[in-house]
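Trainee: this one's sequence-less:
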């Protein structure tokens with residue numbers, strides 16, 4: 001597969017070969033789903049919490065004597081059966097992260113990129129950068145490249161000025177190749193990737 005390479009003015013300056021052995025064939029949607037769920041679980045905060053009977057306010061004093069009142073026996077006001085009592089087996093802060101095999105992660109990224117390449121949703125540029133860290137310059141750059149909303153910018157080492165320029169754009173993400181995941185690719189409508197990033201990903205995903 002051969003893709004055109006354009007500059008920041010959206011003018012063709014060359015081409016790049018994309019390996020069919022890596023980004024060809026039929027993408028495996030099953031591994032894409034597994035990677036998306038894994039990435040979402042890793043980023044889940046997990047800060048939910050409920051108070052047990054030892055954490056709610058109240059006293060440990062017995063409200064009334066055990067027998068002779070005609071009422072049900074009770075030991076303390078923090079009893080979970082009472083409205084002001086603690087929760088039983090409620091959620092507690094925890095991490096939802098789990099380990100996913102590296103082959104599955106790489107296979108999912110390879111499959112997601114294969115779909116984007118096959119659909120013509122990938123634009124290869126010579127480089128990505130702006131002169132000043134201003135959002136206006138980033139918007140002008142995307143307009144010149146005919147990039148609409150939900151765009152993913154990929155580079156080997158993202159430009160710091162461009163990172164500051166696009167952080168106010170809610171539908172544009174700038175990601176390094178080392179931190180790129182299948183969910184990032186699937187969530188984007190168009191992928192803008194540098195020539196160096198294509199060569200790097202081809203080398204990594206071929207293994």
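Mentor: Yes, it's here. All of these numbers come straight from a predicted model, not from anything done at the bench.
Trainee: what's the helix or strand harbouring residue 37 packed up against?
Mentor: In the assignment (DSSP states H and E), residue 37 maps to helix 29-42. The contact analysis (3 or more CB pairs under 8 Å, 6 or more residues apart in numbering; DSSP states H and E) places helix 29-42 against helix 102-119, helix 182-187. No exception for glycine: its C-beta is placed from N, CA and C like everyone else's.
Trainee: Out of those, which is closest to residue 198?
Mentor: For residue 198, the closest of those is helix 102-119, at 9.3 Å, according to CB to CB.
Trainee: List the buried residues for the closest one?
Mentor: 104-117 (16 or more other CB atoms under 10 Å).
Trainee: swap in stretch 72-86?
Mentor: In stretch 72-86, counting by 16+ other CB under 10 Å, buried: 77-78, 85-86.
Trainee: Report the distance from that stretch to the chain centre.
Mentor: 43 Å (CA atoms, centre = their mean, to the nearest Å).
Trainee: Domains in the protein, by residue range?
Mentor: The chain breaks down into these domains under automatic domain parsing: 2-30+101-205, 45-95.
Trainee: Can you add mean pLDDT and give the ones you listed back as CSV?
Mentor: Converted to CSV, the domains of the chain look like this (pLDDT from 0 to 100):
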stretch, mean pLDDT
domain 2-30+101-205, 92
domain 45-95, 94
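Trainee: Most tightly packed of those?
Mentor: Mean neighbours per residue, mean count of other CB atoms under 10 Å, is largest over the domains of the chain for domain 2-30+101-205, with a mean of 17.
Trainee: Okay, strands next: where are they in this structure?
Mentor: All strands of the chain, identified by DSSP state E, fall at 2-6, 12-17, 122-125, 151-155, 172-176, 190-194.
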